[in-house]
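> pasting a predicted model and its sequence here:
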Amino acid sequence: MFEDEYGNKLSTNSREAVDRYNKGTHQFLGAEPGVENSFRSAIDADPEFALAHIGYAREMQLRGRSTDMRQALDRAIKYSENLSEREQSHLNVSGLLLSGKSAEARLAVYEHVKHWPRDVLIAQMCTSVFGLIGFSGLPGREAEQLAFLSNLTNHYDENWWFKAQLAFAQLEVGQLHEATKNIEQALLLNPDSAHSKHIKAHLYYEKLEDKDGLNYLKTHWKNYDPSGALYNHISWHVGLWSLECGNLKQVWHILDHHISPKNSLGPPLNVLTDSVALLFRAEIAGVKVPIYRWRSLSAYASEKFAKTGLGFADMHAAIAHVRAGNLDPLDNIITNAKGPVANLTKKISQAYRYMQNKEWLKASDLFLEVMPDHARFGGSNAQRDLIDFSLATCLIHQGRKNEAQTVLSITRPRALKKKIIEDLH
């Protein structure tokens with residue numbers, strides 16, 4: 001019996017299948033191009049390799065290809081009869097994740113890593129701001145994620161993926177010195193990881209080193225294959241810094257050619273949230289956004305996220321709907337939002353409706369209710385800046401400039417926030 005790169009035994013007699021599986025795992029963890037092809041090659045080498053089918057299913061879920069994901073999961077189950085205890089647990093946990101049973105999957109990950117802490121594709125489920133902890137909707141999720149990773153430190157030693165994810169968890173709670181050390185080590189160990197480069201970009205953002213961050217990321221962005229899972233989101237970071245630098249030509253170019261639904265190859269969640277966030281930040285900064293852009297995003301949100309439940313997606317969908325004047329799907333979110341942050345989703349969606357109607361006091365009151373818990377939506381500090389900007393804009397329109405400055409100085413003291421205040425006065 002062969003082992004994967006992390007020392008876990010695999011139920012396959014094909015050396016080629018193992019090599020391809022290890023490559024796919026490595027690429028998946030680093031958001032590098034070629035994940036689908038690597039897992040497919042592993043399956044071609046051994047069609048009964050259950051964990052290769054699971055790896056493929058994970059990539060299909062990320063890409064929003066639900067039919068392909070379900071078929072791959074069914075094939076994994078079909079070939080699960082002779083799996084080891086670890087592999088059977090791997091399959092069970094993955095099945096919960098792929099079936100949308102997020103709360104159960106999160107608890108199952110904790111139980112699984114007690115016995116097999118180096119089963120990296122299971123541990124990975126509870127890392128990053130889009131993982132099962134990040135989207136759990138629970139208070140204190142940043143602290144929980146850091147604790148989860150810290151408890152695995154002795155099992156991963158000098159592993160590049162682990163150091164990168166630990167760095168992300170650290171910077172999200174303000175441990176910038178520790179995060180800097182870990183992300184630099186991660187990049188030395190694997191300079192090809194798009195995840196590590198993305199996390200370093202977040203570090204630049206948190207340290208207010210916007211110009212250096214833009215210069216760093218543009219170099220990587222130009223050399224990153226658009227098929228990579230993070231290409232869409234890294235383009236968003238470049239677009240955001242371009243906006244702050246006043247380079248609107250580049251902002252429109254990035255929107256049209258790199259992150260819009262029409263041209264992006266990225267995961268649907270990133271396509272929606274990155275496009276909406278960049279357009280709305282542009283509007284807050286005083287840029288006029290043609291309504292056809294909002295209508296396109298509203299239609300995309302209705303197609304890809306018709307069912308509510310993921311608060312981070314629902315919040316961005318609400319912005320697209322309200323800016324497009326598409327009130328039926330907006331009303332559906334306000335009335336029928338589901339999931340662990342449904343109460344917050346309803347409030348913030350209504351706040352954006354009030355904001356659209358220039359009912360600034362009603363909007364700011366709701367934003368203020370959401371503010372203490374908005375980390376429960378998931379996403380990064382950088383992504384949730386949008387909520388802080390929205391509140392500040394509403395306060396400024398009421399003549400409450402000092403309160404807006406106080407809010408921003410406490411939460412996210414960014415250059416763009418200063419521009420908000422300057423442009424509205």
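Yep, that arrived.

> switch to C-alpha atoms for all contacts and neighbour counts from now on
Fine.

> pass me the low-pLDDT residue ranges in this structure, would you?
411-425 (pLDDT under 70).

> and it, what are its domains?
Domain assignment of the chain by automatic domain parsing yields the ranges 2-110, 127-207, 210-423.

> what residues are up against the closest residue to G228 other than its chain neighbours?
Nearest non-adjacent residue to G228, counting by C-alpha to C-alpha, 6 or more residues apart in numbering: P33, 4.5 Å away. Taking C-alpha atoms under 8 Å, 6 or more residues apart in numbering, we find P33 in contact with 27, 225, 227-229.

> now P33, what's its secondary structure?
Under DSSP: H, G, I helix; E, B strand; the rest coil, P33 falls in the coil class.

> among the domains of the chain, which comes closest to W116?
For the domains of the chain, proximity to W116 was assessed by C-alpha to C-alpha; domain 2-110 is nearest, at 7.1 Å.

> pick out the residue closest to the middle of the protein.
The chain has F130 as the residue nearest its centroid, 4.2 Å off, counting by C-alpha atoms, centre = their mean.

> who touches that residue in this structure?
By C-alpha under 8 Å, 6+ apart, the contact set of F130 is 378-379.

> next, give phi and psi for it.
With angles defined as degrees, to the nearest 10, F130 sits at phi -100, psi 10.

> give me the distance between it and G378.
The spacing between F130 and G378, counted by C-alpha to C-alpha, to the nearest Å, is 7 Å.

> do the same with Y110
Distance of Y110 to G378, computed by C-alpha to C-alpha: 19 Å.

> same deal with A229?
Taking C-alpha to C-alpha as the measure, A229 falls 19 Å from G378.

> now do L96
20 Å.

> show me which of those two is the more surrounded one.
Neighbours per residue (other C-alpha atoms under 10 Å) separate L96 from G378, with G378 holding more: 27 against 17.

> verify the stated contact: that one with V129.
Yes: using C-alpha atoms under 8 Å, G378 is in contact with V129, at 6.2 Å.

> residues touching E87, list them.
Counted by C-alpha under 8 Å, 6+ apart, E87 has contacts 10, 51.

> tell me the secondary structure for it?
The local conformation at E87, judged by three-state DSSP, is helix.

> what helix or strand does V93 sit in?
Taking DSSP states H and E as the criterion, V93 maps to helix 85-98.

> in that helix, what's buried?
Across helix 85-98, burial judged by 16 or more other C-alpha atoms under 10 Å covers 86-98.

> pull the CA atoms of that helix into PDB?
Presented in PDB, the C-alpha positions along helix 85-98 are these (Å, rounded to 0.1, in the frame of the first residue of the first chain):
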ATOM      1  CA  GLU A  85     -10.500   3.300   8.700                       C
ATOM      2  CA  ARG A  86      -8.800   6.600   8.000                       C
ATOM      3  CA  GLU A  87      -9.900   6.700   4.300                       C
ATOM      4  CA  GLN A  88     -13.500   5.700   5.300                       C
ATOM      5  CA  SER A  89     -13.500   8.600   7.800                       C
ATOM      6  CA  HIS A  90     -12.000  10.900   5.100                       C
ATOM      7  CA  LEU A  91     -14.900   9.900   2.800                       C
ATOM      8  CA  ASN A  92     -17.500  10.400   5.400                       C
ATOM      9  CA  VAL A  93     -16.300  13.900   6.400                       C
ATOM     10  CA  SER A  94     -16.000  14.900   2.700                       C
ATOM     11  CA  GLY A  95     -19.500  13.600   2.100                       C
ATOM     12  CA  LEU A  96     -20.900  15.900   4.800                       C
ATOM     13  CA  LEU A  97     -19.000  18.900   3.200                       C
ATOM     14  CA  LEU A  98     -20.000  18.100  -0.300                       C
END
